[in-house]
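K.L.:
Based on what follows, work out the 3D shape:
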Amino acid sequence: MINSFLDKYIFTGGFKYSHNNFFLMGIPFLMVPTGLLVSLAQKGDKNFDKEIYYSFKHSMASALKKEFGVNFEAEGEKGLLLLEEMFTAFGWGQLKHVDLEKENKRAIVVVTSSAIGSRLAGQAKLPADHFLRGIIAGIFFDYFESDVECVESKCAATGENNCEFVVKKKGEFDFSKETVQSQLDTDR
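P.N.:
Okay, here's the model as predicted:
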């Protein structure tokens, strides 16, 4: 037994190892030691961190329908819950949206036991999980059908108990705050 999410796919044959690769419902996946991603998160280079974020955001937004087959128009919040369950099952930490305002295109996502944040517990001065921030932004970009950004407002890497991600339109963020400045470009 791996976890309840993946066990369903193993039981039904949807999770396979073939030709030296893992596949979930035909989508190729790989397992990566957390330390590899942590070493990138520890660089402390704000421009590099932003590149990680924007790369993950755009890749996730374009992959949702094509790779994962998630159709938010048809599935609504059920599709969102499926993605939260999937990324939790894959070890990113327990994702849970705690506040969702679809009409205003805003959300708050709390992650407990974040793979990156927990590993860096108390070692960072600024939030460090730009990978997960990009994934969350990409998911909500598609869910809201609007370009939104994601800022990690609390992070286990800075000593917080959980990580908290705020999703909303770029113009709604307060760019006078260092946390926002360090995570978002004003010109993108």
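K.L.:
Wait, Lys102 touches Phe144, no?
P.N.:
Yes - contact status for Lys102 versus Phe144: in contact at 6.7 Å, counting by C-beta atoms under 8 Å. Where you see a C-beta, it was placed from the backbone N, CA and C, and this is true even at glycine.
K.L.:
buried residues in stretch 156-167?
P.N.:
Along stretch 156-167, these residues count as buried under the neighbour rule (16 or more other C-beta atoms under 10 Å): 156-158, 160, 162-167.
K.L.:
ok, back up a step: please say which of Lys102 and Phe144 ends up with more neighbours.
P.N.:
Comparing Lys102 with Phe144 by other C-beta atoms under 10 Å, the one with more neighbours is Phe144, at 21 against 15.
K.L.:
Could you find the closest non-adjacent residue to the more buried one?
P.N.:
Once flanking residues are discounted, Phe144 sits nearest to Lys105: 4.3 Å by C-beta to C-beta, 6 or more residues apart in numbering.
K.L.:
The one you found against Lys168, yeah?
P.N.:
Yes - assessed by C-beta under 8 Å, Lys105 is found in contact with Lys168 at 6.5 Å.
K.L.:
Overlap of the contact sets of these two?
P.N.:
Common neighbours of Lys105 and Lys168 (criterion: C-beta atoms under 8 Å, 6 or more residues apart in numbering): Val148.
K.L.:
for the protein, longest helix please?
P.N.:
Scanning the chain for the helix with the most residues, using DSSP state H, yields helix 46-63.
K.L.:
And that helix, how far out from the chain middle?
P.N.:
Here the centre of helix 46-63 is set off from its chain's centre by 10 Å, with C-alpha atoms, centre = their mean, to the nearest Å.
K.L.:
So for that helix, mean pLDDT?
P.N.:
Mean per-residue pLDDT for helix 46-63: 93.
K.L.:
hang on, the earlier thing: burial measure for the residue nearest to Phe144, as a count.
P.N.:
Neighbours of Lys105 under the rule other C-beta under 10 Å: 18.
K.L.:
Next up, phi/psi of it, please.
P.N.:
Backbone torsions for Lys105, taken as degrees, to the nearest 10, come to phi 60, psi 50.
K.L.:
for it, what are its contacts?
P.N.:
140, 144, 146, 148, 168-169.
K.L.:
before we move on, back to that, same list (the buried residues of stretch 156-167) but as JSON lines, adding pLDDT, distance to Leu24 and secondary structure.
P.N.:
Converted to JSON lines, these look like this (pLDDT from 0 to 100; distance: C-beta to C-beta, whole Å; DSSP: H, G, I helix; E, B strand; the rest coil):
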{"residue": "Ala156", "pLDDT": "96", "distance to Leu24": "27", "secondary structure": "helix"}
{"residue": "Ala157", "pLDDT": "95", "distance to Leu24": "28", "secondary structure": "helix"}
{"residue": "Thr158", "pLDDT": "95", "distance to Leu24": "32", "secondary structure": "helix"}
{"residue": "Glu160", "pLDDT": "95", "distance to Leu24": "31", "secondary structure": "coil"}
{"residue": "Asn162", "pLDDT": "95", "distance to Leu24": "27", "secondary structure": "coil"}
{"residue": "Cys163", "pLDDT": "97", "distance to Leu24": "24", "secondary structure": "strand"}
{"residue": "Glu164", "pLDDT": "97", "distance to Leu24": "28", "secondary structure": "strand"}
{"residue": "Phe165", "pLDDT": "98", "distance to Leu24": "24", "secondary structure": "strand"}
{"residue": "Val166", "pLDDT": "98", "distance to Leu24": "29", "secondary structure": "strand"}
{"residue": "Val167", "pLDDT": "98", "distance to Leu24": "25", "secondary structure": "strand"}
